[in-house]
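A.B. asks: Generate coordinates for the sequence data below:
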Amino acid sequence: GISSQVKRHEGQLQPPASASRPSDEPQTPNGPKARTRRPRPLPQGLVMIYEDRDILVVDKPPGLLTISTETEKERTAYFLMMDYVRKGCAKSRNRVFVVHRLDRETSGLLVMAKSHEAKAKLQDQWDRADKKYLAIVHGRLEKRTDTISTYLAENSARVVYSTSNTKMGKLSHTAYRVLKQAKEFALLEVALLTGRKNQIRVHLAGIGHPVAGDKKYGKGIAFHKKLSLHAYSITLKHPVTGRMMTFAAKVPPHFYQIVGSIEGMDENYPKRPD
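C.D. replies: Sure thing, here's the model as predicted:
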């Protein structure tokens, strides 16, 4: 149930220095050897974090869509990765399948599958996968750690909002803890316990601490041009081998510009295995 789900996640937000850094062993499942052990640049700012014959994990830059919209068909992570696995050959049978989405302005880890079967197995476990974000928010938070729980709904203008109408909204949970409190901003580690559209942004804005750079939910105080929300760590079970795997994405430079040094992290965090 929902209460047990929240209970399972509470108290498990570990410091970034230990939470999402991969082990010293290369992140290779028992089976096909991974093609990628070090981050590798791809078109449009994408970075390959990991690849084997079943899954792909990329670091998505802010501003890039996950999938197409009515106005943008080709400049998407899905289109670029489909072209990557097909090696430019339109007749290739190779494909990628979207497992989840990141908001256009959110950066960080995006997991894709290479088969229907792998996609289904990843999606089946998605609510249980450990998904952590870094967020810079406005203001000083009274609680160092908390879980935000509200019902979320979406209006005709595609704006997500909290509602007391339990039939209209979906119950959503976001846990956070303060990593660093600066004068005007706070750096948070956020655990996504449910996966609704714009969930973290709506929940943090709802408690009076919108994400820096959030023009949609920030109520006009978003001074920074980039949204300071980054999907930096994910732990999941490999859909074929069953091995637990942790992936981590480098902290974006503009985070340091806003909050300065981050204890336990540097600009090369997370360090990769050699």
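
A.B. asks: Low-confidence ranges, the protein, go.
C.D. replies: 1-37, 70-73, 219-224, 261-274 (pLDDT under 70).

A.B. asks: where do the helices sit along it?
C.D. replies: Ranges of helices in the chain, per DSSP state H, are 2-9, 16-19, 77-86, 116-124, 199-206, 253-259.

A.B. asks: Pipe the ones you listed into TSV and attach distance to Ser68 and mean neighbour count per row.
C.D. replies: No exception for glycine: its C-beta is placed from N, CA and C like everyone else's. Listed next are the helices of the chain as TSV, based on distance: least, Cβ to Cβ, whole Å; neighbours: other Cβ atoms under 10 Å:
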stretch	distance to Ser68	mean neighbour count
helix 2-9	32	12
helix 16-19	33	16
helix 77-86	7	19
helix 116-124	18	17
helix 199-206	22	23
helix 253-259	27	16
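
A.B. asks: right, so of those helices, which gets closest to Arg101?
C.D. replies: Across the helices of the chain, Arg101 has its closest neighbour in helix 77-86 (9.1 Å, Cβ to Cβ).

A.B. asks: Now that closest one - C-alpha only, CSV.
C.D. replies: What follows is helix 77-86, C-alpha atoms only, in CSV (Å, rounded to 0.1, in the frame of the first residue of the first chain):
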residue,chain,number,x,y,z
ALA,A,77,16.2,12.1,-26.7
TYR,A,78,14.1,9.2,-28.2
PHE,A,79,14.7,10.3,-31.8
LEU,A,80,18.5,10.7,-31.2
MET,A,81,18.8,7.4,-29.4
MET,A,82,16.8,5.6,-32.1
ASP,A,83,19.2,7.0,-34.7
TYR,A,84,22.1,6.0,-32.5
VAL,A,85,21.1,2.3,-32.3
ARG,A,86,20.2,2.2,-36.0
